[in-house]
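Undergrad: Got a sequence here, can you model it:
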Amino acid sequence: MKDCKDLSNITLPSNINRIGENAFYNCNNIKKVNYLGSIDTWCEINFENEHSNPLVYNSDPNTTNLETITALCIRDKLLTDVNITSATKINSYAFYKCLSLKNVTIGNNVEYIGSDVFYMCNCEIRYVKQAKLNEIKKYAFRGYRGEYVVIPESVKVINEYAFSSCDNLVNVIFNNTSGWKGEFKGIKDIWGSSTIPETTTVDFSEKDLSFAATAATYLRKTYIQYKWERI
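TA: Numbers count the residues shown, from 1 in each chain. You can find the predicted model right below:
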């Protein structure tokens, strides 16, 4: 479907599990994507890059007119509220530029969130009490437009740049503030051998992470290039 500018409506079957790289490249007139499966199976589709998701050409995150965007529908219902129950992962680009999204509840089977999942989304993200989310992948919340994020107690790894370009993010609430460490492995030189600077580590204090505003600043700015792990 690459370069298919006449494409305006797409129906994706419920048994699709992979969409190849650049599948919707230059298909910038799509108005509606109707997926015949469930929200849980949508989350587990393997989108190989951002142009594998037909929502890629949504461009105005401040729009209030949903008729002007590419609409993602699950069985003909516009996606606004999401309750993920059986999916074990949210694959990369799953909700990339899904501008209609308002509320997401992540169930207790989800173990990791992939890259660029919530790019340009302005939605509230909640977790069930028994969340099993273990890892937040690199760039997972990149470009997320919400003002706060909760890090469940189950999370043990937050990868580098997970919250990059989150300009609106002012509060990050850690449900467990103890034992967090950060590691920055430096930057390889032009010969790919040594690092500039050398690997550095930091121990994050419980006191600092208990302040939601401080935690937000650390994740999206001060220690954005660090891999965070809870020991």
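
Undergrad: residue nearest the centroid of this protein?
TA: With distances taken as CA atoms, centre = their mean, the residue of the chain nearest its centroid is Val117 (2.6 Å).

Undergrad: In terms of helices and strands, where is that residue?
TA: Val117 is located outside every helix and strand, with elements delineated by DSSP states H and E.

Undergrad: which residue ranges form the helices in the protein?
TA: Residue ranges of the helices in the chain, as given by DSSP state H, are 39-43, 206-210, 212-217.

Undergrad: Output those helices in JSON lines; the columns should cover mean pLDDT, distance to Asn28 and mean neighbour count.
TA: To be clear about C-beta, it is placed using only N, CA and C from the backbone, and glycine gets the same treatment. Converted to JSON lines, these look like this (pLDDT from 0 to 100; distance: least, CB to CB, whole Å; neighbours: other CB atoms under 10 Å):
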{"stretch": "helix 39-43", "mean pLDDT": "98", "distance to Asn28": "22", "mean neighbour count": "20"}
{"stretch": "helix 206-210", "mean pLDDT": "98", "distance to Asn28": "42", "mean neighbour count": "14"}
{"stretch": "helix 212-217", "mean pLDDT": "98", "distance to Asn28": "34", "mean neighbour count": "18"}
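
Undergrad: low-confidence ranges in the chain?
TA: Scanning the chain for pLDDT under 70 picks out 1-3, 63-66, 188-197.

Undergrad: Please look at Tyr139 and Ala162 and confirm they touch.
TA: Yes. With contact defined as CB atoms under 8 Å, Tyr139 reaches Ala162; the gap is 6.6 Å.

Undergrad: quick one on the thing from earlier: switch the helices of the chain over to JSON lines; also include distance to Tyr96.
TA: Below are those laid out as JSON lines (distance: least, CB to CB, whole Å):
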{"stretch": "helix 39-43", "distance to Tyr96": "12"}
{"stretch": "helix 206-210", "distance to Tyr96": "29"}
{"stretch": "helix 212-217", "distance to Tyr96": "22"}
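
Undergrad: Contacts only, for the residue nearest to the centre of the chain.
TA: Val117 is in contact with 90-96, 140-141, counting by CB atoms under 8 Å, 6 or more residues apart in numbering.

Undergrad: now it: how far from Pro13?
TA: In this structure, Val117 lies at 22 Å from Pro13, with CB to CB, to the nearest Å as the measure.

Undergrad: And for Tyr161, the neighbour number?
TA: Look at Tyr161: counted by other CB atoms under 10 Å, it has 20 neighbours.
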